[in-house]
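> just to be clear, the model below is a prediction. Sequence and coordinates:
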Amino acid sequence: MSSSENKLQNNTLLATIKKIVSKQVFIPIAALLILVIFNLAADPSFFKISVDKSSSGDPIMSGFLVTILDNASELAILAIGMTLVTSASGGQDISVGSAIAIAGSVMLRVVCGTSARPESLHAPIIVAFLVCVLVSMAFGAFNGVLVSYCKIQPMVATLILFTAGRSIASWINNNQLPVVSDPKFGYYGNFIPGIPVPTPIFIAAICMIVIALILKFTNLRLYSQAVGINPHSSRLNGINPQLVKLLTFVILGACVAVAGFIKVSRLSTINYAVIAKDIEMDVILAVALGGNSLSGGKFSMTSSILGAYVIQFLTTTLIKFKVSANAIAAYKAVVVIILVVMSAPIVREKLGSLKKKVLSRKTVKEVA
Amino acid sequence: MCGAATHRAAHLFFKKGWKGANTMENSVVLEMRGICKYFPGVRALENVDFTLRSGEIHALMGENGAGKSTLIKVLTGVYPKDEGSISLEGQEAHIRSPQDAQNVGISTVYQEITLCPNLTVAENMYIGRTHGPLTNWRKINRDAGKILSELGIPARATQQLGSCSIAVQQMVAIARAVDMDCKVLILDEPTSSLDEQEVSKLFKLMRSLREKGVGIIFVTHFLEQVYEVCDRITVLRDGKLVGEYVIEDLPRVKLVSKMLGKDFDDMAEIKSEEDVEKIEYNSTPVYEAKSLSGTTGIQPFNFVIHKGEVNGFTGLLGSGRSECVRAIFGADKVNGGKVFVNGRKVRIRKPLHAMKNGISYLPEDRKRDGIVGDLSVRDNIILALQVMKGFFHPISRAQAEKYADEYIKLLSIKTASSDTPIKSLSGGNQQKVILARWLLANPVYLILDEPTRGIDIGTKVEIQKLVLKLASEGKSVTFISSELDEMIRTCSRLVVMRDGKVVGELRGADLNQNTIMATIAGGES
């Protein structure tokens, strides 16, 4: 009696576990858990958060967790746009790094005017930010038009901006590297005096709330998924597939503007060649890590964003264990291979059937 | 060189194989016993037996979801079987992959051509079968040519496959299968995209293969074709075996009742004359087109449909019947003409315009233009209504759930839940979901282009009845089908097309096979 009850309980437990495992969001969460456990085992002090005084005497939080949340902000924001682009166009935008350089450069150009070392801000930061958003969205639209109306493969289409972006960024500021001396400009990439939490975390949170609201109160999800899965059918149902694709690229443009703003605010200056270098690969990886199909269609926004944090968590862990900067990429690659292979549908199916086999063998034994 | 020699040996063997088979006619070549296949929550196959003799054409019949495709997939190693045994020529066969199946002599030709259109016919026949790094293409072309002429396939070995008609491509796929020394040839809905002439060519080929001792499993929805070419029928229903019959012992009506598991409605009676008489031809038409023309090769045409009327477009494949309705819906580019909806002049240049004017269109190609495969049944049902409501007015989850449940019940769509991706449903149920989508959009004028293609006979009747019910509720319907008797049963008026032109309009007593055929063919009847 009790054994059968036990079994029943076991079964419901198994069913729940199975349900959780089959959820898309399980992959990034599992990856995150593994990283957490690894760090707990290796060095629990990884999770210590302390409140220190900054040089100006304001309280700031520090610790690896804070660093992760802070540094992953740009990645998470970009992952939002990249998920939508991937869903609707079935391809990826590889120009986000270069586009960030442009966004940052526009930002500094408006704030600094023509002089490289201005005494005071030339324009309010909000104005600069709005200009930066408009310009970035325009570049997003450029990519979008190439992809949707000219029907060029997304990677090829965005290769143009990928190649030209950093030159354009440098040209916007006449090849100078402006430095903003006003400390207010640095608030957005660092700390606002009196608030111990890094500002980028708030900005990322706002972006997430905004996209959550957009997904709730518009049909963006349905439209981009439908277009990504079957553009012919979408068209016959009254959707304009080109426009939807274009829209996702424009949204990614807005995300790029926000990320670019954070990036230049962190340093109060810009280095055209280095800023946001290779970030596009991390962003695409975040989308893939979230278990989203890179060939478009259905997507889970939560999973993509979590994927971004997983990547930053991994990078920070590697840095903490004093892996040399050159070797980090290699370590990352190994982890990526494991995660991506594990999340491939074919492998998951195989694992599922393997598990079933093991379980059935167990039950047979029990019966015997 | 070495590759060519091996190939010659194989070819000789294969020729001998044919002769050998002739001597032991009607011996059992394939035996499946007690096959079971379970999917999560579904018993797709339960204890199914299937026997195929050499030199016979054996029809595998059943409604959608009866388990035909699952049985074929188990046989060809696409799905592993859960229970049961398969033996080939008396020996137990272990088939774990499609490659295994091919190696033991089971070949499949699918409905969709799986060859490469940009290679030549010969290359397609031998791709993946040449040994070694060197290939003697000249010899391969010669061999391929020989097989093509032996089987009477009208194609040259060096011709690009893509330049052949679909029927010939299908035949090439069969030739490839046959040349691989197959004992069992599976034809999965090979005729659904062929016209009548092409079908008869295909049947000639099938018969000549039967002569040569190949066992052929023929999966189709067309009853006529079964009775034209098959020797035996195995009927499945709900994953279970209903029985195996010699064709002479099973008249059509009985076959249908076996497939449905109930007595067959007399379908001829579904249209009542009263309904037709009620249509007010003098009132303002629901839809009227004046010299509407598109860029897809149709001549400008006039078209009128009234409230409560069911009309049809008919004509041979490629006569422009689909192009006409696509022009009405704005699915293809429209470049001229005037359109009136309820007497009001409107501009329909893209699907959304048509939808906003109360026109719905169920496209001919369900897979390409209809379903959104990965999306759930629910999302597929609400899609059209959602788009009409607009980008900023999403239907709430609860409301969507309600709509979906309502239509799943109304059309008795077989699906595990409304969350199931539509691509995992059977063809007929997918079609019902698309139908539900357009019914939900509450149109005044509904265009159904081949709604009954590739779906089982039970659903066909359901759809025809639904069409008539909609008409009696005051909706206008355009119904297109390549099966004439279906059109005669449902439509009260037929627009006949030939070569992109409207060549006639038939109604009342003229709605019979002979008159329609004569009008389609042109010339004096």
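Noted; the coordinates are in hand. Residues are numbered from 1 along each chain as shown, chains lettered A, B, ... in the order given.

> which residues of chain B lie near chain A?
Proximity of chain B to chain A, by Cβ under 8 Å from any Cβ of the partner chain, involves residues B:329, B:331, B:350-352, B:355, B:361, B:363, B:368-375, B:379, B:383-384, B:386-388, B:390-394, B:437. Every residue, glycine included, has its C-beta placed from N, CA and C.

> can I have the buried ones of those residues as a ChimeraX selection?
Per 16 or more other Cβ atoms under 10 Å in any protein chain shown, the buried members of these correspond to this ChimeraX selection:
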select /B:329,331,350,351,352,355,361,363,369,370,371,372,373,374,375,379,383,384,386,387,388,391,394,437
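
> among the residues of chain B next to chain A, which lie within strands?
Cross-referencing the residues of chain B next to chain A against strands under DSSP state E gives residue B:361.

> where does chain A have low pLDDT?
Low-confidence segments of chain A (pLDDT under 70): A:1-10, A:339, A:343-345, A:359-368.

> in its sheet, what does whatever helix or strand residue B:477 lives in sit against?
Counting by DSSP states H and E, the element that carries residue B:477 is strand B:476-480. Applying DSSP bridges, strand B:476-480 is found paired with strand B:310-314 (parallel), strand B:445-449 (parallel).

> most centrally placed residue in chain B?
Geometric centre of chain B, nearest residue: residue B:454, 3.1 Å, by Cα atoms, centre = their mean.

> can you give me the pLDDT of it?
pLDDT for residue B:454: 72.

> residues contacting it?
Contacts for residue B:454 (Cβ atoms under 8 Å, 6 or more residues apart in numbering or on different chains) come out as B:189, B:192, B:221, B:366, B:427.

> doesn't it lie inside a strand?
No - looking at residue B:454 with DSSP: H, G, I helix; E, B strand; the rest coil, it is coil, so not inside a strand.

> distance of it from residue B:188?
11 Å (Cβ to Cβ, to the nearest Å).

> and what of residue A:232?
Residue A:232 is 24 Å from residue B:188, by Cβ to Cβ.

> between the two, which is the more surrounded one?
residue B:188 (20 against 16; other Cβ atoms under 10 Å in any protein chain shown).

> over to the more buried one: give its phi and psi.
Main-chain dihedrals, residue B:188, degrees, to the nearest 10: phi -100, psi 100.

> just the one 3 residues further on next, same as before
Geometry field for residue B:191 lists phi and psi as phi -100, psi 0, criterion degrees, to the nearest 10.

> so what's it up against?
Residue B:191 touches B:199, B:202, B:220, B:222, B:225, counting by Cβ under 8 Å, 6+ apart.

> among those, name the ones in helices.
B:199, B:202, B:225 (DSSP state H).

> nearest to chain A among those?
Chain A lies nearest to residue B:199 out of the ones in helices among the contacts of residue B:191, by Cβ to the nearest Cβ, at 27.4 Å.

> before we move on, the earlier item: flag the least confident of the contacts of residue B:191.
The member of the contacts of residue B:191 with the lowest pLDDT is residue B:222, at 75.

> close to chain B: what parts of chain A are there?
Within chain A, the positions near chain B by Cβ under 8 Å from any Cβ are A:216-220, A:222-223, A:225-226, A:229-230, A:232-240, A:297-298.

> which among those residues end up buried?
In those, burial by neighbour count holds for A:219-220, A:222-223, A:225-226, A:229-230, A:232-240, A:297-298, counting by 16+ other Cβ under 10 Å.

> okay, now the domains of chain B?
As given by automatic domain parsing, the domain ranges for chain B are B:24-120+B:160-260, B:267-521.

> nope, chain A is what I meant
A:20-321, A:323-368.

> out of the ones you listed, which one sits most buried?
domain A:20-321 (a mean of 20; mean count of other Cβ atoms under 10 Å in any protein chain shown).

> distance from that one to the middle of the chain?
With Cα atoms, centre = their mean, to the nearest Å as the basis, domain A:20-321 stands 6 Å off its chain's centre.

> ends of it, how far apart?
Taking Cα to Cα, to the nearest Å, domain A:20-321 runs 32 Å from one end to the other.

> downstream of the lowest-mean-pLDDT helix or strand in chain B, the next helix or strand is which one?
Across the helices and strands of chain B, mean pLDDT, DSSP states H and E gives its lowest value to helix B:2-23, namely a mean of 42. Next in sequence after helix B:2-23, counting helices and strands by DSSP H and E, comes strand B:28-39.

> could you say what helices and strands the next helix or strand after that next one packs with?
Downstream of strand B:28-39, the next assigned helix or strand under DSSP H and E is strand B:42-53. Based on contacts counted as 3 or more Cβ pairs under 8 Å, 6 or more residues apart in numbering or on different chains; DSSP states H and E, the elements that strand B:42-53 packs against are strand B:28-39, helix B:68-75, strand B:215-219, strand B:232-237, strand B:240-246.

> contacts for the shortest one next, please.
Right, strand B:215-219. Under the contact criterion Cβ under 8 Å, 6+ apart, strand B:215-219 has outside partners B:29-30, B:52-60, B:68-69, B:72, B:183-190, B:206, B:209-210, B:226, B:229-230.

> in the stretch 51-200 of chain A, which spans are strands?
For the stretch 51-200 of chain A, strands defined by DSSP state E, counting those that start in this stretch occupy the ranges A:59-62.

> can you name the residue of it nearest to chain B?
Distances between the stretch 51-200 of chain A and chain B by Cβ to the nearest Cβ are smallest at residue A:87, namely 10.6 Å.

> now for that residue: which residues touch it?
If you count contacts by Cβ under 8 Å, 6+ apart, residue A:87 has them with A:224-225, A:228, A:248, A:292, A:296-299.

> residues contacting the residue in chain A positioned nearest to chain B?
The nearest approach of chain A to chain B comes at residue A:238, 3.7 Å away (Cβ to the nearest Cβ). Contact partners of residue A:238, counting by Cβ under 8 Å, 6+ apart, are B:350-352, B:355, B:384, B:387-388.

> also residue B:152?
Counted by Cβ under 8 Å, 6+ apart, residue B:152 has contacts B:204-205, B:208.

> identify each buried residue in stretch B:284-299, please.
The neighbour-count check on stretch B:284-299 (16+ other Cβ under 10 Å) flags B:285-289, B:292, B:294, B:296, B:298 as buried.

> filter these down to just the ones in strands.
B:287-289, B:292, B:294.

> okay if I get those residues as JSON lines plus pLDDT and distance to residue A:264?
Listed next are those as JSON lines, based on pLDDT from 0 to 100; distance: Cβ to Cβ, whole Å:
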{"residue": "B:287", "pLDDT": "93", "distance to residue A:264": "59"}
{"residue": "B:288", "pLDDT": "93", "distance to residue A:264": "62"}
{"residue": "B:289", "pLDDT": "92", "distance to residue A:264": "59"}
{"residue": "B:292", "pLDDT": "91", "distance to residue A:264": "57"}
{"residue": "B:294", "pLDDT": "84", "distance to residue A:264": "53"}
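
> closest to residue A:144 out of these?
Nearest to residue A:144 among these is residue B:294, at 28.9 Å by Cβ to Cβ.

> which residue sits closest to the closest one in space, ignoring its chain neighbours?
Leaving aside its sequence neighbours, residue B:294 sits nearest to residue B:327 (Cβ to Cβ, 6 or more residues apart in numbering or on different chains; 4.0 Å).

> that neighbour and residue B:295: what is the separation?
Per Cβ to Cβ, residue B:327 is found 9 Å from residue B:295.
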